[in-house]
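Undergrad: build me a model from this:
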Amino acid sequence: MLGEDFQAILQFYQYDKDIPLDAAVVEKLDEKEYVREKIVFRGANDYRVPGYLAIPKAGTAPYPCVLQIHEMTLSKSDFGVSDSYHKGHLLTTDLLAEGITVLALDAQYHGERSLFNDFESTFTMVFQKQWINRLRKMVAQTIVDYRRATDYLETRKEIDEELLARL
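TA: Okay, the predicted model is just below:
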């Protein structure tokens, strides 16, 4: 039985699984060693959540999958396989070479989703304006989005459901 404290925290990350995902692949990049798809799906709050799903060509499907979660002020693009300032691509490249699929989403208020924060930096939101409640909601929403992403991954034949179920 879970403690009362854990139950209280858990409520922030619950969502209605009956909300349709309405997932779509909106862009596909076919490279020598991987295929990168830009995906979108419906988040629990009815917003579209964008992400990149990189599928290795090495090995044999179904593949295990790593969920990459970026730090504040970055985006899913910082884990891309091309060079970027934050070097997240190095991790992605190594995972793909090992036959591991990689999924990176834009966290709430980041990347393509910054429009929900009036395109203002999350750094400004938290450290200059001290909108701590918005920060808490951002973190909770991002966790729910990744939970919805695992629902989407369960629909993909390239992903090893047994390994995904252990998350």
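Undergrad: which non-adjacent residue is nearest the residue most central in space within the chain?
TA: Closest to where the C-alpha atoms of the chain average out (CA atoms, centre = their mean) is L105, at 2.9 Å. Closest residue in space to L105, ignoring its immediate chain neighbours: G51 at 4.0 Å, by CB to CB, 6 or more residues apart in numbering. C-beta coordinates here come from the backbone N, C-alpha and C atoms, glycine included.
Undergrad: how about the nearest residue in space to D151 that is not next to it in sequence, secondary structure?
TA: Nearest residue to D151 in three dimensions, chain neighbours excluded: L21, at 6.2 Å (CB to CB, 6+ apart). With DSSP: H, G, I helix; E, B strand; the rest coil as the basis, L21 sits in coil.
Undergrad: in the chain, where is pLDDT below threshold?
TA: The model of the chain has pLDDT under 70 over residues 1-2, 71, 73-75, 79-88, 115-119, 122-123, 125-129, 164-167.
Undergrad: which helix of it spans the most residues?
TA: Taking DSSP state H as the criterion, the chain has its longest helix at helix 132-153.
Undergrad: wait, isn't the residue nearest to the centre of the chain in contact with V144?
TA: No. Using CB atoms under 8 Å, L105 is not in contact with V144; the gap is 11.1 Å.
Undergrad: any shared contact partners between these two?
TA: Taking CB atoms under 8 Å, 6 or more residues apart in numbering as the contact rule, L105 and V144 touch no residue in common.
Undergrad: nice, that's everything, thank you.
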